[in-house]
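Engineer: The sequence isn't on hand, but the structure is:
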């Protein structure tokens, strides 16, 4: 009896639970049906913030401390408000700027970056060259303190009749880059013809390997052109070569027996000495000489070493005058090469001509004619380099460069009543002044003297020879 009652109770409980479950399921089904029947709402789109950089893109962007990539960059989903934007790029200063995001669908921000700058100065010799920086003309030299962005750059300098100059460099932040250039002039062309042909050629007293007809590419400037053929009289001409131009020289040699490298000084009278200069030049008088030959140039190191093998000089000075020469050595050299030293009178006539000129080139001192103290070299220069100061008989460097020994004892001229202890057969005479003396000592009539065994760094020589009587 009790057993059947318990079974009825359990059945009622099960039925209650099932009813509850059915109710819940039904409610859920109704809810699902309701939700599924409602219209769907579209999601709200994210706002877009576009950040650009000027004057160049590619800057690394940080927004609110987060890396957003290089510009131009789009950042989505930024809530309205203020944000710090940091831009970094090579060759530019780090840029920090605050932007205000309004929340619009799309907002643009362009941030200008300040470049890192260096400074460029370019000077040239000659001035006035056009300057092209990275292919663009920016001015002429001297170009001073031009600002430019750091990094790799190149420039080119252009000047008419000169070879262009180009270079490259890396500009650094706040650094002054300074460059100086000297232009190389475009060569001139020199054509040399002679009659007879096949003549030996000298340019500024330097032997050339070519014989006439000859063609040379040379730097612009003044040149002494000399030609010589056996049994002919040497001929010369001064020519001025301009950049990128062609000059032609035609020289006709007359038959003659003047030795190579020498000039003929004709016989006859000339005025020697002075009445109003140094006491030992007095009195001025007329002297008559026989014709003679004299070296056109001072004896060079190269020639002197052929006689004195122990003679020393620096490399590249083969054509400089031999120095540290005593009178005794000068005499020995002249005798060895079958010549002699000129007399004092011969030397003065070769330098002075018959018009009593003060200097080999004329009456007045002129700059650039002689290597004296006024020239400012303070040392010897190549023999014949200052050929514009040549004498009437075509002798070069008879003023300045080195003193030149002559034959004579240092004695008073005939008719000079002044007596000094230096006169007599003690000292020998030197002529012409030197790089160590001033223009007064370089006059044609000026006299210098020293012991026969004395040698100095400005003592040299030139030789002479007898010539046939005209």
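Structural biologist: Perfect, thanks for sending it. Values in this document were obtained by computation on a predicted structure and should not be read as measured data.

Engineer: which element follows the strand or helix carrying residue 123 toward the C-terminus?
Structural biologist: Using DSSP states H and E, residue 123 sits in strand 117-125. Using DSSP H and E, the helix or strand that follows strand 117-125 in sequence is strand 130-133.

Engineer: What strands flank that next one, and is each parallel or antiparallel?
Structural biologist: Partners of strand 130-133 in the sheet, by DSSP bridges, are strand 136-140 (antiparallel), strand 151-158 (antiparallel).

Engineer: Return the set of buried residues in stretch 61-75.
Structural biologist: The neighbour-count check on stretch 61-75 (16 or more other CB atoms under 10 Å) flags 61, 63, 68, 71, 73, 75 as buried. (C-beta placed from N, C-alpha, C; glycine too.)

Engineer: can you tell me which residues contact residue 395?
Structural biologist: By CB atoms under 8 Å, 6 or more residues apart in numbering, the contact list for residue 395 reads 263, 294-296, 350-351, 360, 462.

Engineer: What of residue 52?
Structural biologist: By CB under 8 Å, 6+ apart, the contact set of residue 52 is 71-72, 108-111.

Engineer: Residue 334 against residue 407, yeah?
Structural biologist: No. With contact defined as CB atoms under 8 Å, residue 334 does not count as touching residue 407 (9.4 Å).

Engineer: Neighbour count for the two, which is higher?
Structural biologist: It is residue 334, of residue 334 and residue 407, that has more neighbours when counted by other CB atoms under 10 Å, with 23 against 19.

Engineer: does the more buried one belong to a helix or a strand, and which?
Structural biologist: Assigned by DSSP H and E, residue 334 belongs to helix 327-336.

Engineer: starting at the chain centroid, how far to that helix?
Structural biologist: 42 Å (CA atoms, centre = their mean, to the nearest Å).

Engineer: do stretch 154-171 as well
Structural biologist: The answer for stretch 154-171 is 13 Å, by CA atoms, centre = their mean.

Engineer: Let me know the average pLDDT across it.
Structural biologist: Here stretch 154-171 scores 95 as its mean pLDDT.

Engineer: Could you list the domains of the chain?
Structural biologist: Domains of the chain are assigned by automatic domain parsing as 48-112, 117-182, 188-252, 262-466.

Engineer: Now the terminal residues of the last one, how far apart.
Structural biologist: Criterion CA to CA, to the nearest Å; first-to-last residue distance in domain 262-466 is 11 Å.

Engineer: Kindly report the same for the first one.
Structural biologist: Terminal residues of domain 48-112 are spaced 20 Å apart (CA to CA).

Engineer: now what about the helix holding residue 334, what contacts it?
Structural biologist: 299, 304, 307-308, 325, 340-341, 405, 428, 450-455, 460-461, 463-464.

Engineer: Would you indicate which residues of it are buried?
Structural biologist: Across helix 327-336, burial judged by 16+ other CB under 10 Å covers 327, 329-331, 333-334.

Engineer: Same check on stretch 431-451?
Structural biologist: For stretch 431-451, a neighbour-count test (16+ other CB under 10 Å) marks 431-437, 439, 441-450 as buried.

Engineer: Which members of the contacts of helix 327-336 are classed as buried?
Structural biologist: Neighbour-count burial (16+ other CB under 10 Å) applied to these gives 299, 304, 307, 325, 340-341, 405, 428, 450, 455, 460-461, 463-464.

Engineer: Tell me where the stretch 301-450 of the chain has strands.
Structural biologist: 403-409, 428-431, 448-450 (DSSP state E, counting those that start in this stretch).
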